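In: Sequence below, structure please.
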Amino acid sequence: MKTIPLRLTGAVLLALAPLLATAQSAGGKKLYCWNENGRKVCGDALPADAVNNARTEISSQSGLTTGQVARALTAEEKAAAAAQAAANAQQAAVAEAAARRDFAMAQSYETEDELRRAFEERILLLDETVKSSQLGVAGLRQSLMSLLRQAGEQELAGTPVRPALADSIRGQHAELMRQQGLLVQQQKQRNEIEGEFNTALERYRALKHPGSAPTGG
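Out: Below you'll find the predicted structure:
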């Protein structure tokens, strides 16, 4: 496999020329550029230790970029992404269920007590979502603290922090910020649902008893 360090734009174009010619003669193979030990490297094949790195794919026919491949996620990032997807799915399910209940409210609930119980069910689901997100935030924070301790130990030993560890710290911190923001939104929704219940109760009373004066919930 041919690889070259990627430095300046002009140098890259010149350095890529022989690789492009080789790839074209080989039937239009792709070229790849990735980060290796702080340098950008290009080649006509990926070495085994670079398959998880972020990379740029280049057409040997045109010399133009044809795609970008992000680096592989760490185990912690995969777990965080799975937790995020589960929270989003649960939140969407709650919203869909709420919309269906509101649409059929007048036909579905014979009494105000039935309507109240339906909202209590929504509150319970939101409470469970908030608890799940709180556990996820706590786990991310603990993982980030572990990574920071590793970095601190390396610095105390007089060695530079490994680039992979620094990337993991940045990724964990960014994911923690996103999860905390999501938790704030969920807690806000939980606090707002009582106001939604009061509004729904007024609509229910207006539908069941048109012309009656509004009363307290």
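In: got the domain boundaries for this protein?
Out: The record, using automatic domain parsing to delimit domains, assigns the chain the ranges 3-69, 75-208.
In: residues contacting residue 178?
Out: Listed by CB atoms under 8 Å, 6 or more residues apart in numbering, the contact partners of residue 178 are residue 84. C-beta: built from backbone N, CA, C; applies to glycine.
In: ok, of the domains of the chain, where does mean pLDDT dip lowest?
Out: Note on the domains of the chain: lowest mean pLDDT is at domain 3-69, with a mean of 64.
In: so the residue most central in space within the chain, which of the three states?
Out: Closest to where the C-alpha atoms of the chain average out (CA atoms, centre = their mean) is residue 81, at 5.2 Å. Following DSSP: H, G, I helix; E, B strand; the rest coil, residue 81 is assigned to helix.
In: quick one: it and residue 195, what's the gap?
Out: Per CB to CB, to the nearest Å, residue 81 is found 33 Å from residue 195.
In: can you give me the helices in the chain?
Out: Counting by DSSP state H, the segments of the chain that form helices are 9-25, 75-103, 105-108, 112-156, 163-208.
In: possible to save these as TSV with distance to residue 33?
Out: Listed next are the helices of the chain as TSV, based on distance: least, CB to CB, whole Å:
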stretch	distance to residue 33
helix 9-25	8
helix 75-103	23
helix 105-108	58
helix 112-156	28
helix 163-208	17
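In: I'd like to know which of the ones you listed is closest to residue 64.
Out: Of all these, the one in closest proximity to residue 64, counting by CB to CB, is helix 9-25 (10.6 Å).
In: longest single strand anywhere in this protein?
Out: The strand spanning the most residues in the chain, taking DSSP state E as the definition, is strand 30-36.
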